[in-house]
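> Fold the stuff below for me.
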Amino acid sequence: MKISVFGLGYVGTVTSVCLVRQGHTVIGVDASDHKVRFINQGISPIVEPGVDDLLKSALKDGRLSATEDAARAVAETEITLVCVGTPSNSNGSLNLDYVMRVAEQLGQILRNKEGYHGIVIRSTVLPGTVEKVAAIVEHASGKKQGKGFGIASNPEFLREGTSVHDFEHPPYTVIGTSDQRMIDLLSSVYASIKAPLFTVHIREAELLKYACNAFHAVKVAFANEVGSISKTLGIDSHNVMKIFCADTKLNVSTAYLKPGFAFGGSCLPKDVRAITHEAKRHDVVTPLLDSLLPSNEAQIQRAIEWVLGQKKKNIGVLGLSFKHDTDDMRESPVVKIVETLLGKGYAIAIYDSNVNLSRLVGANRSYIEQEIPHISQLLKDRMDEVLAHAEVLIVANKGGGFDEAISGAAPGVAILDLVRILDGSRSFPKGYQGIAW
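All right, here's what the predicted structure looks like:
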């Protein structure tokens, strides 16, 4: 395929030489005559293992060239990958000047080009940016998206130092678009790359890159804070983290990585408090670990604010323990919601098949009798009692029959799902909201 790549910086250069190795013909475009000249002379504008050899090979084969003539590059190619920079502004916001400049330029060029042309935003941009680019191209070209041109988000997952390997062995290829012709074009571009292919909404593709990078940053900060605590206590942090990473069931896995409600129970809140207190006792600064409980509390407050916004007083709660298949209510975030709403005068009915005073023993019975006796009076023996009471229904865990209950909720009932008990394969009832979806 004939491809033009706008922006010959780090991502653009690596993308260009790797696409040639995949069998495509590439025209690189950049406003810098120095970068264009370097590329055409076989000199890489970036320092990256493997790029120099790929660049020389691509030029020798005659399938890579660079130019400042954007119109010629677009005219001679079927698809354009936009790889220009998106630096930070002084206030931390994203600078999209280069992206928008290219969008205007592409629109003006496409005004005079016959046929369909694909535009792919490979630069890292926030959700909504690609839609803005499409609007600019439409205005400047006089053509309609999906007819005269197509647009897609195609985030890259390249690490400096290993980018050539990462290009050819990515974790997956993501195509964000609803245009089937763009899906077909990009599928052809990456046909020789052996990796899972995901086609998603444009905004999902845009946000995915930020989710990935933010999580990478979280992992670095987490490991460093564990290291700081370890050093102070005379512990080998590398050995601790080596064993930590050996747990691929919970630690290095998909566990706990589904958006939902706050954590609770007898372990996580207590242990986070203990380790952060120990760090403070030794004057070790741990901003990431310190942020965990406030972040958890913010999720609880988000649920409370949603309920308050419904302006309805009769609240039904399905599930009281901190998670399904347990009767443990210690530090249950649902209890915090109930207590807050009670304090504001709401009428609440609760059903949880695992929380029955006649069967509770030990710590859980002591907790409900000593800490939340007022809540025990709100518990109902049957779920239909809660459903009959509720103007607002909160689904707090995945109890038996809760999914059928909300699917058949009475008209006008506002439903807040904290656990995504209804997955995307079902139609959501009117009035349904997820806490994070």
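
> drop to CA atoms for contacts and neighbour counts, all remaining ones
Noted.

> The nearest residue to Phe198 once chain neighbours are set aside: what's it in contact with?
Once flanking residues are discounted, Phe198 sits nearest to Val174: 4.9 Å by CA to CA, 6 or more residues apart in numbering. With contact set as CA atoms under 8 Å, 6 or more residues apart in numbering, Val174 has these partners: 153-155, 197-200, 205.

> So which of those are in helices?
Residues of these located in helices (DSSP state H): Ala205.

> Narrow the contacts of Val174 to just the buried residues.
153-155, 199-200, 205 (16 or more other CA atoms under 10 Å).

> ok so, going back, next SSE after whichever strand or helix holds the residue nearest to Phe198?
Taking DSSP states H and E as the criterion, Val174 maps to strand 173-176. Downstream of strand 173-176, the next assigned helix or strand under DSSP H and E is helix 180-189.

> What lies in contact with that following helix?
Residues from elsewhere that reach helix 180-189, judged by CA under 8 Å, 6+ apart: 1, 19, 24, 79, 118, 150-152, 175, 177, 199.

> Pull out the buried positions in that helix.
Here helix 180-189 shows 181-183, 185-187, 189 as buried, counting by 16+ other CA under 10 Å.

> coming back round to it: need the max-distance pair from the contacts of Val174.
Taking CA to CA as the measure, the contacts of Val174 span a maximum distance of 13.3 Å, between Ser153 and Leu197.

> that older thread, going by distance to Ala388, which of the contacts of Val174 wins?
Distance to Ala388 across those (CA to CA) is lowest for Val200, with 39.3 Å.

> For that closest one, give the beta-bridge partners.
Under DSSP bridges, the beta-bridge partners of Val200 are Gly176.

> so it sits right up against Thr173, yeah?
No. Using CA atoms under 8 Å, Val200 is not in contact with Thr173; the gap is 10.7 Å.

> Touching both of these two, which residues are there?
Common neighbours of Val200 and Thr173, counting by CA under 8 Å, 6+ apart, are absent.

> Format the CA atom coordinates belonging to stretch 53-72 as PDB.
Only the C-alpha atoms of stretch 53-72 are listed here, as PDB (Å, rounded to 0.1, in the frame of the first residue of the first chain):
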ATOM      1  CA  ASP A  53      19.700   0.000   9.100                       C
ATOM      2  CA  LEU A  54      16.000   0.000   8.300                       C
ATOM      3  CA  LEU A  55      16.300   3.500   6.900                       C
ATOM      4  CA  LYS A  56      19.200   2.700   4.600                       C
ATOM      5  CA  SER A  57      17.400  -0.500   3.400                       C
ATOM      6  CA  ALA A  58      14.200   1.400   2.700                       C
ATOM      7  CA  LEU A  59      16.000   4.000   0.600                       C
ATOM      8  CA  LYS A  60      18.000   1.300  -1.200                       C
ATOM      9  CA  ASP A  61      14.700  -0.400  -2.200                       C
ATOM     10  CA  GLY A  62      13.300   2.800  -3.400                       C
ATOM     11  CA  ARG A  63      10.200   2.500  -1.200                       C
ATOM     12  CA  LEU A  64      10.800   5.400   1.200                       C
ATOM     13  CA  SER A  65      11.200   9.100   0.500                       C
ATOM     14  CA  ALA A  66      10.700  12.300   2.400                       C
ATOM     15  CA  THR A  67       9.300  15.700   1.200                       C
ATOM     16  CA  GLU A  68       8.000  19.000   2.300                       C
ATOM     17  CA  ASP A  69       5.500  18.900  -0.500                       C
ATOM     18  CA  ALA A  70       2.400  17.600   1.400                       C
ATOM     19  CA  ALA A  71       0.100  17.900  -1.600                       C
ATOM     20  CA  ARG A  72       2.200  15.600  -3.700                       C
END
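
> hmm, who's touching it?
If you take CA under 8 Å, 6+ apart as the criterion, stretch 53-72 is touched by 16-18, 20-21, 24-33, 36-37, 39-40, 42-44, 73, 109.

> In that stretch, which residues are buried?
Result for stretch 53-72 [16+ other CA under 10 Å]: buried residues 54-59, 63-68, 70-71.

> ok, Arg203 - contacts?
Shown in contact with Arg203 (CA under 8 Å, 6+ apart): 127-128, 176.

> Point me to the helix or strand that includes the closest residue to Val137 other than its chain neighbours.
Counting by CA to CA, 6+ apart, Val137 lies nearest to Gly107, which is 4.1 Å off, once chain neighbours are set aside. Secondary structure from DSSP H and E places Gly107 in helix 97-110.

> Flag every buried residue along that helix.
The neighbour-count check on helix 97-110 (16+ other CA under 10 Å) flags 99-100, 102-110 as buried.

> if we take the residues you listed, which one ends up nearest to Ala436?
The nearest member of these to Ala436, counting by CA to CA, is Val99 at 29.8 Å.

> which residues does the closest one contact?
Neighbouring residues of Val99 by CA under 8 Å, 6+ apart: 82, 84-86, 133.

> Pull the most distant pair out of the residues you listed.
Gly85 and Val133 (14.8 Å).

> pull the CA atoms of the host helix or strand of Trp306 into CSV?
In this assignment (DSSP H and E), Trp306 forms part of helix 292-309. Output in CSV follows, covering the C-alpha atoms of helix 292-309 (Å, rounded to 0.1, in the frame of the first residue of the first chain):
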residue,chain,number,x,y,z
LEU,A,292,-5.5,5.4,47.6
LEU,A,293,-8.0,6.0,50.5
PRO,A,294,-9.0,9.5,49.3
SER,A,295,-9.5,8.1,45.8
ASN,A,296,-11.6,5.3,47.2
GLU,A,297,-13.7,7.8,49.3
ALA,A,298,-14.2,9.9,46.1
GLN,A,299,-15.9,7.0,44.4
ILE,A,300,-18.2,6.6,47.4
GLN,A,301,-19.1,10.3,47.2
ARG,A,302,-19.7,10.0,43.5
ALA,A,303,-22.4,7.5,44.2
ILE,A,304,-23.9,9.5,47.0
GLU,A,305,-24.0,12.7,44.8
TRP,A,306,-25.8,10.7,42.0
VAL,A,307,-28.5,9.6,44.5
LEU,A,308,-29.0,13.1,45.9
GLY,A,309,-29.4,14.4,42.3
